[in-house]
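> turn this into a structure:
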Amino acid sequence: MANEKIEVGYRHIGTFAGVDYHHKFLLYTDKTGGQYTISGWTGEETTPQLPLGKIHIETGLPEHIGLPYDAENPDNINNRNAWYKDEYDNPISPQKQYRELIAQAPDLSTKWAEMVRNAQSKDNIYPYDFLRQNSNTLADTLLREAGFPEPEKDGIFRHLAPGSGNKLDKGIVPQHPDDAGISDLKDLSYLEEEKLKENPQYAMQTQAETVDNPKPQSKYEETMAMLQGLLNDTDGSYAQKVLAEHSEQVARFDEKVRQSMEEEQSKQQALADRESQIQQEAQQRGLSHSFG
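Predicted coordinates for the structure are as follows:
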């Protein structure tokens, strides 16, 4: 019998400053192959102070323990409402999705049910913020509170998910999404510092540190330092250093770019073929009328 799984789903929802960003949801697969999700969304009731409302959470309750992952699920790759749109606002292809395995075991049903109930208890409580507190924050919080490890593939070189790693905060003052800009890139990297501080080994390490052995940079600090270094790079030397130190991530990124280019070329070719076919059909109709 196959193991049950709890995974993080990454759904590509846009590109900012040349970097893809993603919406995270939790995906449970039971022993029969049935799949269910937990995911956060913008709220329905908005105000000037809450431009995106409070985080609305889809749990499937009370009918289901998790929202069934079928074609009606807003995170399902077969849901045409979640596809990319063409210039006429028609759905044209599924959004790119990725998975990260968090846990697998013969039976995770009890743990999943606890996570679903915990998620439901948080519904419509926390202000939704475009970059700092959103569906990604919710997913990490539920995993953390269930005792599972948090995702590792939500960083800037993988499947960037703004708001990841942060703690849910009822008092956060949301920024209007239209005001988000390049200066907010700091929020595109999750705050690893808070997670580390909760780790007893980190506390012991901190107590043992001296001036000669400074604290290593958190992922947040490392990302900010890298962004600042790139902004100050006048001769390209720092960029070369970053590329060398992150060769594997760069290779994966290059592969994603190549695949995206191939997909775009295929779409353009399909459109060109379709246009050519339409022109040929129009010419044939014109000839038939001429001889009619």
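
> what's in contact with stretch 81-88?
Stretch 81-88 is touched from outside by 11, 74-76, 91-95, with contacts defined as Cβ atoms under 8 Å, 6 or more residues apart in numbering. C-beta: built from backbone N, CA, C; applies to glycine.

> put the buried members of those residues into a ChimeraX selection.
Here is the ChimeraX command that picks out the buried ones among the contacts of stretch 81-88, judged by 16 or more other Cβ atoms under 10 Å:
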select :11,75,76,94,95
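
> redo the contacts of stretch 81-88 as JSON lines? Include pLDDT and secondary structure.
Compiled in JSON lines, the contacts of stretch 81-88 are given as follows (pLDDT from 0 to 100; DSSP: H, G, I helix; E, B strand; the rest coil):
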{"residue": "R11", "pLDDT": "94", "secondary structure": "strand"}
{"residue": "P74", "pLDDT": "94", "secondary structure": "coil"}
{"residue": "D75", "pLDDT": "95", "secondary structure": "coil"}
{"residue": "N76", "pLDDT": "95", "secondary structure": "coil"}
{"residue": "P91", "pLDDT": "88", "secondary structure": "strand"}
{"residue": "I92", "pLDDT": "87", "secondary structure": "strand"}
{"residue": "S93", "pLDDT": "88", "secondary structure": "strand"}
{"residue": "P94", "pLDDT": "89", "secondary structure": "coil"}
{"residue": "Q95", "pLDDT": "88", "secondary structure": "coil"}
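
> closest one of the contacts of stretch 81-88 to G155?
Nearest to G155, judged by Cβ to Cβ, of the contacts of stretch 81-88 is R11 at 16.7 Å.

> these two touch, right, that closest one and Q95?
Yes. The pair R11 and Q95 qualifies as a contact (Cβ atoms under 8 Å) at a distance of 5.6 Å.

> what's the closest of the contacts of stretch 81-88 to E281?
When the contacts of stretch 81-88 are compared for distance to E281 (Cβ to Cβ), I92 comes out closest, at 21.8 Å.

> and which of the contacts of stretch 81-88 is nearest G163?
For those, with G163 as the reference and Cβ to Cβ as the criterion, the closest is R11, at 14.2 Å.
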